[in-house]
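**Student:** let me see the structure of the following:
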Amino acid sequence: QAYSGTPPAEEKEKIVWVRFENADLNDTTRNMEFHEIHSTGNEPPLLLMIGYSDGMQVWSIPISGEAQELFSVRHGPVRAARILPAPQISAQKCDNFSEKRPLLGVCKSIGSSGTSPPYCCVDLYSLRTGEMVKSIQFKTPIYDLHCNKRILVVVLQEKIAAFDSCTFTKKFFVTSCYPCPGPNMNPIALGSRWLAYAENKLIRCHQSRGGACGDNIQSYTATVISAAKTIKTGLTMVGKVVTQLTGTLPSGATEEEILAHSNIRRSPLVPGIITIIDTETVAEGQVLVSEDSDSDGIVAHFPAHEKPICCMAFNPSGMLLVTTDTLGHDFHVFQILTHPWSSSQSAVHHLYTLHRGETEAKVQDISFSHDCRWVVVSTLRGTSHVFPINPYGGQPCVRTHMSPRVVNRMSRFQKSAGLEEIEQELTSKQGGRCSPVPGLSSSPSGSPLHGKLNSQDTYNNFTNNNPGNPRLLPLPSLTVVLPLAQIKQPMTLGTITKRTGPYLFGAGCFSIKAPCKSKPAPQISPSKSVGGEFCVAAVFGSSRSWFANNPGLKREKDQSKQFVVESLYIISCYGSLVEHVLEPRPLSTAPKISDDTPLEMVTCPRASWTLVRTPQWNELQPPFNANHPLLLAADAVQYYQYLLAGLVPPGSPGPITRHESYDSLASDHSGQEDEEWLSQVEIVTHTGPHRRLWMGPQFQFKTIHPSGQTTVISSSSSVLQSHGPSDTPQPLLDFDTDDLDLNSLRIQPVRSEPVSMPGSSRPVSDRRGVSTVIDATS
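**Tutor:** Here you go, the predicted model:
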């Protein structure tokens, strides 16, 4: 292409879907190779899956930037595929398929049996031996597969079935999902332990506190668009009347109308409700959220949108959930705070409304950065929207997003100056939420989606400065965030210069010249492409473009540290993976830059890889060699799982596991040393307040001297005793204020003795008298 200048368009295979995968190969928590991430510079590779109209392909892009093909097969269209991670094992629960792993779960048009209807079975293939180890059949078509180290989740129409990762026996199933028009027919989110799905009704007794607050942001564009929609509905109504008169039915009846007619017979479904269940504690069999069911395993149950849910995703820690509805104007970020007893005691804080725009768009992909400060939402129009957020809420600004590390919710100044309490008092006087956006309800109960909040909650008011209970009122204020960058995928990549050099499996690494002086090729708008839909996927990762631009240079260890944000990798349905460098900076129009200055962002594409397969390419099928990257990663993670469970890994030389060696070490020590060790830990982990009581102006110290003539009435005796020098001092239990000699009060404060701090070098003896040593850590 670089030499001839004619794009060989007819040779490429058609891509149906793209996805970035998380598997053992890039699992930083369980793969020992990445545990020394700061010292050795080992970074996990990007793992990429591409589904073609015939077959599929898996790529790995390591930190070197040389793309490597790991798997490629042509066996008919594939609807969904996952590389299953090695399961979590224990002494009671062993992995039945340990010799066969890694496993690839595939849902393809022609199943293993061949007789069943298309896309109705999940086949699990071993990449080690190449054989099929398990096939799970269903009566209805499968929409998607999700997996973590505990379960494999199969998503069907209005149903979800979960299988155990070790045995692939059925664990639980859900039949009450709300139908969505697409592209996700049944959207779910699977974290490391929780599973979120769209419920078809709201059950009050299970409803968690909080949930969505109203989005009343209306711009000029929105008003114009809604006016246009009203005219359109008016016209369609006229059309319906005409057809009723002529007695013909319109051929293009929409899905929603058909759904509406079928719903009249059933109990009406409620859109926009989300249920989160704990896959560990949920009972086996059907998971039913109803008035009669107990809330075992139900973590939260709350309204998230007024329209049907279209897409959702957990952040890496699993505490934040981003949801989008079918309109795609606003995306909601919720913080899930659970209660061990029931979902009705849990709280769901609506931290952010991410406002995309006024036109409709269907969301296909949501991705978080590893530190959860950035979220990228990609729509079917091929645009990826980059939003700044904080894991704890609040307005994103220079202080929170311009440093390479995550900062605390409050700066030291805010913490020690007591500003939070003042703000809290102001909010409580105004009644509820102090919203930065005009038009939002001033109190959570003002929103139609909120349940009634009882007086007990209001009584248990908490200030964020003390370790209160975050599940109780008041809820944190909602922040509306606009995208800092909108990256649209072009059809072609303008002028691309190809770097010469050896390629692994023929995958080129390209670098894009930033100032494109020559006239670029005419770009077709992605929204006009096939069916108006444009599949993209995005993921954050360390920059790989340094290698493309400087092939001779060796990578410096601290070179990646200079970026505040990781690079954003976006793959489009043309098979081109592009690395975008994101540079946030203070708003250029701001008169002066302070901690609270808003942000803007500059993005530029740095490197591109063309990963699309051509019909001439050979297939790369299992069985694979033992040194294949996926097999090596599976071995490493499985070995680590055995050690964690205290079992003997297969093929290890001796029976010494980590637990036994730990016990042998512990037996040499006496109990006394353990106690000393514990006290050391307490001292090391304790940090004092940022500002000592006597450093601020909040306190005044005065010394009160009772005069010699004061009569002290002691409650222990009925006799009045004079307080003379020879008498035994009585406990001063009660001062009679009338008897206090006010003239004897010294208004000039007596200089207090300096308190001995731990770690102070001055010996106690050189002070006047013997002062008491107060240990600040005790």
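**Student:** how close does the residue nearest to Glu566 when sequence neighbours are not counted sit to Leu354?
**Tutor:** Spatial nearest neighbour of Glu566, chain neighbours left out: Phe540 (4.4 Å); criterion: CB to CB, 6 or more residues apart in numbering. Glycine gets a C-beta too; all of them are placed from N, C-alpha and C. According to CB to CB, to the nearest Å, Phe540 stands 16 Å off from Leu354.
**Student:** same question, Pro474
**Tutor:** 22 Å.
**Student:** so Ile50 is in which element?
**Tutor:** Counting by DSSP states H and E, the element that carries Ile50 is strand 46-52.
**Student:** whoops, I mixed them up, Phe540
**Tutor:** strand 537-541.
**Student:** give me the helix or strand of this structure that scores worst on average pLDDT.
**Tutor:** For the chain, counting by mean pLDDT, DSSP states H and E, strand 496-498 ranks last in confidence among helices and strands (a mean of 33).
**Student:** which residues of the stretch 401-550 of the chain score low on pLDDT?
**Tutor:** Filtered on pLDDT under 70, the stretch 401-550 of the chain yields the residue ranges 419-421, 423-468, 490-532, 547-550.
**Student:** scratch that, the stretch 151-300 of the chain is what I was asking about
**Tutor:** 214-267.
**Student:** just the helices in it please.
**Tutor:** Secondary structure of the stretch 151-300 of the chain (DSSP state H, counting those that start in this stretch): helices at 220-246, 255-265.
**Student:** wait, doesn't Pro623 sit right on Thr129?
**Tutor:** Yes - under the criterion of CB atoms under 8 Å, Pro623 makes contact with Thr129 at 5.3 Å.
**Student:** what sits against Leu156?
**Tutor:** Contact analysis of Leu156 by CB atoms under 8 Å, 6 or more residues apart in numbering lists Phe138, Thr140, Pro141, Ile142, Tyr143, Asn186.
**Student:** what number of residues lie near the second one?
**Tutor:** So that's Thr140. 12 (other CB atoms under 10 Å).
**Student:** sticking with it, tell me its helix or strand.
**Tutor:** Here Thr140 is assigned to no helix or strand, by DSSP H and E.
**Student:** so what's it up against?
**Tutor:** Thr140 neighbours (CB under 8 Å, 6+ apart): Cys120, Leu156, Gln157, Lys159.
**Student:** let's go with 10 Å and repeat that
**Tutor:** By CB atoms under 10 Å, 6 or more residues apart in numbering, the contact list for Thr140 reads Pro117, Tyr119, Cys120, Leu156, Gln157, Glu158, Lys159.
**Student:** how much space between it and Leu599?
**Tutor:** For Thr140, the distance to Leu599 - CB to CB - is 46 Å.
**Student:** please name the bridge partners of the closest residue to Leu190 other than its chain neighbours.
**Tutor:** Sequence neighbours aside, His146 is the residue nearest to Leu190 in space, at 4.3 Å (criterion: CB to CB, 6+ apart). Residues in a beta bridge with His146, per DSSP bridges, are Val153.
**Student:** hmm, His146 is touching Phe163, no?
**Tutor:** No - under the criterion of CB atoms under 10 Å, His146 makes no contact with Phe163, lying 11.2 Å away.
**Student:** which of the two has more neighbours?
**Tutor:** Phe163 (22 against 18).
**Student:** dump the residue contacts of Ala283.
**Tutor:** Residues counted as contacts of Ala283 (CB under 10 Å, 6+ apart) are Lys171, Phe172, Ser293, Asp294, Asp296, Gly297.
**Student:** ok, it to Gly393 distance?
**Tutor:** Counting by CB to CB, the gap from Ala283 to Gly393 is 34 Å.
**Student:** and the strands in the stretch 101-250 of the chain?
**Tutor:** In the stretch 101-250 of the chain, the strands defined using DSSP state E, counting those that start in this stretch lie at 103-108, 121-126, 132-137, 142-147, 151-156, 159-164, 170-174, 188-190, 194-199, 209-210.
**Student:** format those strands as a markdown table; extra columns: distance to His628.
**Tutor:** Rendered in a markdown table, the data for these read as follows (distance: least, CB to CB, whole Å):
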| stretch | distance to His628 |
| --- | --- |
| strand 103-108 | 12 |
| strand 121-126 | 12 |
| strand 132-137 | 17 |
| strand 142-147 | 20 |
| strand 151-156 | 22 |
| strand 159-164 | 26 |
| strand 170-174 | 30 |
| strand 188-190 | 26 |
| strand 194-199 | 31 |
| strand 209-210 | 47 |
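**Student:** go ahead and confirm Pro629 touches Pro45.
**Tutor:** Yes - contact criterion CB under 10 Å: Pro629 and Pro45 qualify, at 7.8 Å.
**Student:** so for the two, which residue has more residues nearby?
**Tutor:** Neighbours per residue (other CB under 10 Å) separate Pro629 from Pro45, with Pro45 holding more: 20 against 16.
**Student:** backbone dihedrals for the more buried one, both of them.
**Tutor:** Torsion angles at Pro45 (phi, psi; degrees, to the nearest 10) stand at phi -80, psi 160.
**Student:** contacts only, for it.
**Tutor:** 25-26, 59-64, 67-68, 70, 541, 544, 629, 633.
**Student:** rerun that using 7 Å as the cut-off
**Tutor:** Leu25, Asn26, Ser60, Ile61, Pro62, Ile63 (CB atoms under 7 Å, 6 or more residues apart in numbering).
**Student:** so Gln638: helix, strand or coil?
**Tutor:** What DSSP: H, G, I helix; E, B strand; the rest coil gives for Gln638 is helix.
**Student:** check the secondary structure at the residue lying closest to it once chain neighbours are set aside for me.
**Tutor:** In space, and not counting its chain neighbours, Gln638 is closest to Ala86: 4.8 Å by CB to CB, 6+ apart. Using three-state DSSP, the structure places Ala86 in coil.
**Student:** just to revisit the earlier point, partner strands of the strand holding Ile50, parallel or antiparallel?
**Tutor:** Strand pairing for strand 46-52, determined by DSSP bridges: strand 15-20 (antiparallel), strand 56-61 (antiparallel).
**Student:** neighbours of the residue nearest to Ser109 when sequence neighbours are not counted, how many?
**Tutor:** Nearest residue to Ser109, sequence neighbours excluded (CB to CB, 6+ apart): Pro118, at 4.3 Å. Pro118 has 15 neighbours, counted by other CB under 10 Å.
**Student:** and for the one 10 residues further on?
**Tutor:** A count of nearby residues for Arg128, using other CB under 10 Å, gives 23.
**Student:** can you tell me how far Pro474 is from Ser60?
**Tutor:** 48 Å.
**Student:** I'd guessed the residue nearest to Gln638 sits against Gln641; true?
**Tutor:** Yes - counting by CB atoms under 7 Å, Gln641 is a contact partner of Ala86 at 5.9 Å.
**Student:** ok, the two, which is more surrounded?
**Tutor:** Taking neighbours as other CB under 10 Å, Ala86 and Gln641 compare with Ala86 leading, 28 against 20.
**Student:** which residues touch the more buried one?
**Tutor:** Asp24, Arg101, Lys149, Ala634, Val637, Gln638, Gln641.
**Student:** what pLDDT is listed against the fifth one?
**Tutor:** Which is Val637. The model reports Val637 with a pLDDT of 93.
**Student:** neighbours of it, how many?
**Tutor:** Val637, neighbours per other CB under 10 Å, totals 25.
**Student:** cool, and the second one?
**Tutor:** By the measure other CB under 10 Å, the count of residues near Arg101 is 23.
**Student:** cool, His35 as well?
**Tutor:** Neighbour tally, His35, other CB under 10 Å: 14.
**Student:** returning to what we had before: of all the strands paired with strand 46-52, which one is nearest Ser369?
**Tutor:** Nearest of the strands paired with strand 46-52 to Ser369, taken as CB to CB: strand 15-20 at 13.1 Å.
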